[in-house]
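Please work out how this folds:
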Amino acid sequence: MRIILILLLAAFALHAETVTIQPSADTYTIPAGGCFGSENEIMCANKSSAGHPDERMLLLFDLSPYAGRDLVLAELNLKVSFQCGSGSGTNTRFFAATEAWDESWSGAHVDMESTFSGNYHFIGMKWHQVDITDLTRRWISGELTNFGIVFQVNGVYPWTKCFSRETGNSPFLELTFSGQALENTSWAGIKRTWAEN
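Presented below is the predicted three-dimensional model:
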């Protein structure tokens with residue numbers, strides 16, 4: 001019986017854990033400034049002649065409960081609600097924001113130029129999974145202060161909108177860790193079973 005319990009304990013401790021987090025804030029910015037935190041969509045575009053100059057999407061997730069954890073994968077899930085009719089989608093690059101903001105913020109842009117983290121091509125009105133593992137590791141390790149992620153069009157136009165957290169299709173972040181932490185109640189239960197047998 002004790003051998004079985006040891007094997008169960010080892011499997012429990014090594015089992016990967018996946019958690020899903022909703023954003024604590026999301027919005028978009030335009031160079032002229034403005035407050036868009038309560039809208040049902042966040043958007044990314046860059047074509048001044050069409051009235052969409054350098055619009056950037058921002059999302060913030062509270063990662064403080066996961067500080068120091070061994071992260072395997074972080075996927076940001078966004079559902080596209082609209083794309084312009086060209087069919088070519090929107091090439092973006094994403095950054096870690098380097099200054100604080102919230103949904104009542106009405107500035108032009110948050111600083112991000114020194115924290116480039118990757119590229120993503122949004123094409124199709126569907127759920128998109130963006131791998132932001134490297135960036136999220138830097139946040140939970142404390143290497144970077146977590147001020148959220150910023151998406152900017154890489155080049156010009158095509159326009160993409162995604163549903164915001166104010167809707168039933170809220171963005172979410174899935175985190176997978178290499179080992180499942182043992183909760184006190186679970187550990188107590190294992191010890192009690194051990195003693196009883």
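
any idea which element the closest residue to Thr92 other than its chain neighbours lies in?
Spatial nearest neighbour of Thr92, excluding adjacent residues (Cβ to Cβ, 6 or more residues apart in numbering): Phe151 at 4.7 Å. Heads up, the C-betas are built off the backbone N, CA and C, glycines and all. Assigned by DSSP states H and E, Phe151 falls within strand 149-153.

strand partners of that strand, parallel vs antiparallel please.
Strand 149-153 has its sheet partners listed here by DSSP bridges as strand 52-60 (antiparallel), strand 90-96 (antiparallel).

And the next helix or strand past the first one?
To tie it back to what came earlier, the one meant is strand 52-60. As assigned by DSSP H and E, the chain's next helix or strand after strand 52-60 is strand 71-83.

ok, Trp127 - how many residues close by?
Applying other Cβ atoms under 10 Å, we find 14 residues neighbouring Trp127.

So it sits against Leu78, correct?
Yes: with contact defined as Cβ atoms under 8 Å, Trp127 reaches Leu78; the gap is 7.3 Å.

And the strands in the protein?
Here the chain has its strands, by DSSP state E, at 17-21, 25-29, 41-47, 52-60, 71-83, 90-96, 116-122, 127-131, 149-153, 160-163, 172-177.

Out of these, flag the one nearest Gly107.
Of all those, it is strand 25-29 that lies closest to Gly107, at 7.2 Å by Cβ to Cβ.
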